[in-house]
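K.L.:
pasting the sequence and the predicted model now:
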Amino acid sequence: MSLLEEMRRHVKKLEDLRKHEDPRLSFSTPEFREAQRIFTDNFKKNFGKPVEWAFVKKHAWSKPQLVKLDKPVDVDGNPWPLDAQGKPILKA
């Protein structure tokens, strides 16, 4: 058996294995890419929730530390709307 025949058999075997594969599990399908894009966009917007914790520098020369913010903000740093009890109003 030559090397070429062996490679052809191996390629055929791999093709046979792939025909039973679920294409939805592939990371290169348009559906996966669209779902990944939607997730990334929502992740950048904190999934529509206020930012209550942030890395903050007390001084320009200090290291950032994770602290709870006094008032919740959106991802752009604008104040988040609060209800009468002072709790953030979540978008439904």
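P.N.:
Everything's here; your move. Numbers count the residues shown, from 1 in each chain.
K.L.:
helix, strand or coil: sort out the most centrally placed residue in the chain for me.
P.N.:
By C-alpha atoms, centre = their mean, the chain has its centre lying nearest to T40, at 4.4 Å. Secondary structure state of T40, per DSSP: H, G, I helix; E, B strand; the rest coil, is helix.
K.L.:
what distance do you get for it to E6?
P.N.:
Using C-beta to C-beta, to the nearest Å, T40 is found at 43 Å from E6. C-beta here means a position set from N, CA and C on the backbone, and glycine is covered the same way.
K.L.:
same question, D70
P.N.:
69 Å.
K.L.:
ok, these two, which is more surrounded?
P.N.:
The neighbour comparison of D70 against E6 (other C-beta atoms under 10 Å) goes to E6, with 10 against 7.
K.L.:
just confirm the more buried one is within a helix.
P.N.:
Yes: when three-state DSSP is applied, E6 is found to be in a helix.
K.L.:
and it, what is it in contact with?
P.N.:
Residues near E6 by C-beta atoms under 8 Å, 6 or more residues apart in numbering: none.
K.L.:
can you give me the helices for this structure?
P.N.:
Listed in chain order, the helices of the chain (DSSP state H) span 3-18, 30-44.
K.L.:
can I get the ones you listed in TSV with distance to H59 and mean pLDDT?
P.N.:
Below are the helices of the chain laid out as TSV (distance: least, C-beta to C-beta, whole Å; pLDDT from 0 to 100):
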stretch	distance to H59	mean pLDDT
helix 3-18	58	89
helix 30-44	28	90
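K.L.:
just put those in JSON lines and tack on distance to W61.
P.N.:
Formatted as JSON lines, the helices of the chain follow (distance: least, C-beta to C-beta, whole Å):
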{"stretch": "helix 3-18", "distance to W61": "57"}
{"stretch": "helix 30-44", "distance to W61": "29"}
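K.L.:
okay, A92: pLDDT?
P.N.:
In this model, A92 is scored at 56, pLDDT.
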